[in-house]
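1. please find the sequence and the predicted model below.
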Amino acid sequence: RLPSLKEGFVFACFNQAQKIDPRVFRAWLSVLAAVPNSVLWVLADEVVSQNLIAFAVNEMPDFDPSRIRRAPFVSKRKHIDRAALADLVLDTPEYNSHTVGCDVLWSGTPMVTLKQDKMASRVGASLIKAME
C-alpha cells in the first residue's frame, strides 16, 4: 500500500530500470532521507527491486527497505491510472522518459526532469514544456 498525502509522499519512477544509474539513485536516496514518510515507487520486477533495495542498504545502512515499492508491469490503462497515485514522478536524467513521460503527464501527475545536452536527455523537458 502506498501512503496517502496525509501520511507521506510518493516519489515514483516508471522508466525502465536500466536508466537508473548509481549517481541518480544516490540522489533519490538523499531525497527520501530528507522527506519524512516518503517512498520511492519504481517500475521493476522482483529482482530489480531487490537489487535497488540492496544498493540502498549498502549506501545507507539504516535505510528502511519498505521505502522502496515495486510497481509491477501492467496494461497501459492500468499504468496511466496508477501514475495518478504518485505525488511526483522523477525522470532519469541521462535517458529521459519518452512514452512514460507522456503517460505520467496524461495522468495529471507532475514530473521533474533534468535537461542535459543530448537529445535523449532533453525529452522530458520538451514534454513538460508542451504541457504549458
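-> Good, I have the coordinates. Small disclaimer: the values here were computed from a predicted structure and weren't measured. Numbering: from 1, shown residues only.
2. which stretches of the protein form strands?
-> When assigned using DSSP state E, the strands of the chain occupy the ranges 9-13, 38-43, 68-71, 88-90, 111-112.
3. go through the helix or strand of the chain with the lowest mean pLDDT and flag the buried ones.
-> Least confident helix or strand of the chain, by mean pLDDT, DSSP states H and E, is helix 123-130 with a mean of 88. Of the residues in helix 123-130, those buried under the neighbour-count criterion (16 or more other Cβ atoms under 10 Å) are 123, 124, 125, 127, 128. Yep, even glycine has a C-beta here, placed from its N, CA and C like the rest.
4. in contact with the third one: list those residues for me.
-> If I follow you right, that is residue 125. For residue 125, the contacting residues are 96, 113, 115, taking Cβ atoms under 8 Å, 6 or more residues apart in numbering as the criterion.
5. how near is the spatially closest residue to residue 113 that is not a sequence neighbour to residue 54?
-> Closest residue to residue 113 apart from its sequence neighbours, by Cβ to Cβ, 6 or more residues apart in numbering: residue 124 at 3.2 Å. Per Cβ to Cβ, to the nearest Å, residue 124 is found 27 Å from residue 54.
6. go on, residue 110?
-> For residue 110, the distance to residue 54 - Cβ to Cβ - is 30 Å.
7. try residue 109
-> From residue 109 across to residue 54, the span is 28 Å (Cβ to Cβ).
8. among the two, which residue is more densely surrounded?
-> Neighbour count, other Cβ atoms under 10 Å: between residue 109 and residue 54, residue 109 has more, with 20 against 11.
9. which residues touch that one?
-> Residue 109 neighbours (Cβ under 8 Å, 6+ apart): 12, 83, 84, 86, 87, 88, 89.
10. at 6 Å instead, please
-> Residue 109 makes contact with 83, 84, 86, 89, according to Cβ atoms under 6 Å, 6 or more residues apart in numbering.
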